[in-house]
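K.L.:
build the 3D model from these lines:
(2 chains)
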Amino acid sequence: MPDVLNLVWLIPALPLAGMLITGLFGRLFTRAGLRLAASYLATACVLLALLLSIAVAVAVGARNGLAFSYQLYTWIPSGDFRADIGFYVDGLTATMLLVVTGVASLVHIYAIGYMKDDGRDPEVIAHHGGQEHGHGESGTPPPSPPPATRGGEGGWRIAGGLQKDGGLVRFFCFLNLFVFSMLVLVLANNYLMLFVGWELVGLSSYLLIGFWYQKRDIFQDIKGFLRKDVPFEAAKKAFIVNRIGDFGFAVGIMMLFVNFGTLAFKDVFNMAPTQVNNFVLGNMTVTCLLLFMGAMGKSAQFPLHVWLPDAMAGPTPVSALIHAATMVTAGVYLVARSNPLFHLAPDAMLVVLIIGTVTALLGATIACTATDLKQIVAYSTVSQLGYMFAGLGAGMWIAAIFHLFTHAFFKGLLFLGSGSVLHGMHDLEAEGKDPQDIRWMGGLASYMPVTRRTFIIGALANAGIFPLAGFWSKDEIISGAILNSGGVIKDHAVWGAIAGMFLWVGSFLTAFYMFRLVFLVFYNRRHWDPSTVHPHESPPIMTVPLIILAGAAVVVGVLVGFPPEAGLIHQYLYPVFKGVMVEAPASGYDAARFAQTFGLQLVSLFFAALGIGLAFLMYYRPNTFNESLRGALPALYRALRMRWYFDELYDLLFVRGGKAVANGLWAFDRNVVDGAVNGVASFYAWGSGRLRHVQTGFVGNYAMSIVLGLGGVLLVVAIPLVLKALGLFQ
Amino acid sequence: MTSSDMVAQVPLEWYLLVSGILFAIGMTGVLTRRNVLVIFMSVELMMNAVNITLVAFGTALNSLAGQAFVVFVVTVAAAEAAVGLAIIMALVRHKPTVDPAEMELMKE
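P.N.:
Below you'll find the model as predicted:
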């Protein structure tokens, strides 16, 4: 069994191979009619990686969590600086491996069905498409031309559009690239390699969000407003906002190098307690905050959260994999991995706690009024990531990772379920209506039974209802914050209590918006026309992953997290965080302890139940309550609909501000710099224009100038002589 | 009285004065006259003034170098006159005038 750990390099190598094969030979696959074979190959690579990850996880458990460090080779040997390619495997790594490969496998399987028609000739689909139910999100071409709304100007199309660009194979190539990058990130044994994985993950995200890069669609929502869908711009936005965080991260890494002389985890963490007072440049708090800045960008925390909702322009499997379970958790992983450093910087921890809480509330509030199916789930992700960071900031390391673990399952489930709903409702797109607007849905319960049931399970897990997964993980964070079980919150009576209360409000909101979504989509009244829209259940290749994830959402929480702070996962992860935790998890069932934390967890449950109840009252049956609520607080409603005006603020400050600065500099360059250069040239032109009149062409004038020169010379020679003769000059 | 006595009795300054006056007259001619041939003659006059100066100093300092140098000067003067007259011939073919004021081919 221990030999498995020597094979850990295979885990990232498999998706890398899958990516290379599908990427380099994709054309061949398509031409030979083997498109599906490429997707199966890619999926197989990830499944194998999953099996290996399970074996590794078991092996790590057998070693009692002792870290395993394995160096492949030295990448940069440069004087005092060395960067290796190596792996560091401990409980945290194993957990992340399971999450990444597990969710990735399910998403790959799901995507085979979801993206089946992408990149195919429309004619072929038109002939065969009516018979099978395997439609990609881009949909079949409509039988009749779509109704002409205000579209058609400058490249805009009305709804839908097929990408004839080797869609399926390219998609799986990028998916494998992403899995590879994430595995590199998670397995790295030094900050530089982690950064490489970090950047690659950002790149994969860009490629996958902008997958339908040719799409420039315009949809009509139920109120007649037009919504533009341009995946390419969403991809740009994601990458740019990510970059801002990456800048902070890079500076943080440099500070680590300057102060520690090395970037390897083992060395940095061993040196940290002694080095913290010997910093050459800056201090630990600043370094940790810079690292956290990277996490803010990657994990969509306030104020760098703006890219995640727009990233829903990508295909739904992408959203499920990247923006629910893996890439956005890279930031959480980074902070968790750097726990020895953060532990020495309590101020940084407080900042993490505050930003996490703020983000949790930010996402939850916006989700309450959002109308786009995937965006509601996206804001839910933002919010839950906020919970994870709040957990980290409160010193509840294991609880935060536990929440990451459970969240991957139920959020992935929710996204895939959304994809299933959208898949069934794709006829909306053909009509030019916004297919992701939930106000066009309703009453779908009877049409999509499996999707509905799994979706509700996911929603219950997300809301934190006992005994599903979310209850254990999320509420452990909240109770930990209030009780300061992590032992790190300064003035914990104040900050911990405030954070805890806000997070409780967040629980209420989470349950509320989740079930608002459920009721509006599956119950309530039908807002679609039965003659043109034919909702249907998805094929098994898509529903089976949903069922698997639903099962996980139900049992995983109890299985690994019970009793609170003393469950399997706590024992498993304890060795990772041993140095920074107040006390070891109890090995058995401690009644007093249990009662304390469980009591607080019940309070969260109460809030969640309140949220569901309110959503039920407002949305289960059509009524006018929400309209009157909207009328009572118009400014608040508008602010929420406009997502707290963050996009507008950033546009004003950075986009316009940047353009103004650029224009100013351009004016400077044009007037001052070019003016100087041209000015010198024109001066010479003017001067020579004047001087040329000396050349008269008359020889007599030239002779005169000779004589004048002669006279000058004589003067210079003669004057001193004369003065000497007269005795006036020596 | 021998000729060398007579020469030796003439003060050096007088020779230099004569030479200077001749030079000045020649220079005036170069600058003022409106006939290229006369300008040439003035140049020759300047050169002869220089010759007188050279010979006077040669005698005063009892050196033959002065007279030797004069031979060189005369040779160069002759060559220069030949070349200069050739140039004038070419110019006259362009425009049949001897007035330097009208020779403005090199005007910018």
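K.L.:
would you map the strands across chain B?
P.N.:
Counting by DSSP state E, chain B forms no strands at all.
K.L.:
with the stretch 151-300 of chain A instead?
P.N.:
Ranges of strands within the stretch 151-300 of chain A are A:157-158, A:217-220, A:226-229, based on DSSP state E, counting those that start in this stretch.
K.L.:
so for the shortest one, what's the average pLDDT?
P.N.:
Right, the one you point to is strand A:157-158. Strand A:157-158 comes out with an average pLDDT of 39.
K.L.:
residue of chain B nearest chain A, please.
P.N.:
Proximity of chain B to chain A (C-beta to the nearest C-beta) peaks at residue B:107, 2.8 Å away. In short, each C-beta sits where N, CA and C put it, glycine included.
K.L.:
grab the nearest non-local neighbour of that residue.
P.N.:
residue A:697 (2.8 Å; C-beta to C-beta, 6 or more residues apart in numbering or on different chains).
K.L.:
now do the one you found, the pLDDT please.
P.N.:
For residue A:697, pLDDT reads 77.
K.L.:
again with the one 3 residues further on
P.N.:
The predicted local confidence for residue A:700 comes out at a pLDDT of 80.
K.L.:
what residues are up against it?
P.N.:
Listed by C-beta atoms under 8 Å, 6 or more residues apart in numbering or on different chains, the contact partners of residue A:700 are B:31, B:100-101.
K.L.:
just the strands of the stretch 151-300 of chain A: most buried one?
P.N.:
strand A:217-220 (a mean of 22; mean count of other C-beta atoms under 10 Å in any protein chain shown).
K.L.:
number of residues surrounding the residue of chain B closest to chain A?
P.N.:
11 (other C-beta atoms under 10 Å in any protein chain shown).
K.L.:
just to check, it is in contact with residue A:692?
P.N.:
No: with contacts counted by C-beta atoms under 8 Å, residue B:107 stays clear of residue A:692, the gap being 9.6 Å.
K.L.:
what residues does residue B:100 make contact with?
P.N.:
Here residue B:100 is in contact with A:698-700, B:34-36, B:39 (criterion: C-beta under 8 Å, 6+ apart).
K.L.:
oh, that last question was meant for residue A:290, not what I typed.
P.N.:
Residue A:290 neighbours (C-beta under 8 Å, 6+ apart): A:248-249, A:251-252, A:255.
K.L.:
min pLDDT across these, which one?
P.N.:
Among the contacts of residue A:290, residue A:255 has the lowest pLDDT, at 90.
K.L.:
state the distance from the closest residue in space to it that isn't next to it in sequence to chain B.
P.N.:
Excluding the flanking residues, the one nearest residue A:255 by C-beta to C-beta, 6+ apart is residue A:287, at 4.6 Å. Noted for residue A:287: a distance of 71 Å to chain B, by C-beta to the nearest C-beta, to the nearest Å.
K.L.:
tell me which residues touch the residue of chain B closest to chain A, please.
P.N.:
A:695-698.
K.L.:
residue contacts, residue A:306?
P.N.:
Taking C-beta under 8 Å, 6+ apart, one finds A:237, A:241, A:643, A:646-647, A:650 in contact with residue A:306.
K.L.:
give me the number of residues near the one residue in the stretch 601-730 of chain A that gets nearest to chain B?
P.N.:
Nearest residue of the stretch 601-730 of chain A to chain B, counting by C-beta to the nearest C-beta: residue A:697, 2.8 Å away. Counted with other C-beta under 10 Å, the neighbours of residue A:697 add up to 15.
K.L.:
quick one, phi psi at it?
P.N.:
phi 90, psi -10 (degrees, to the nearest 10).
K.L.:
what's the spacing between it and residue A:549?
P.N.:
98 Å (C-beta to C-beta, to the nearest Å).
K.L.:
can I assume residue A:94 is in contact with residue A:52?
P.N.:
No: the pair residue A:94 / residue A:52 is not scored as a contact, 11.1 Å apart, by C-beta under 8 Å.
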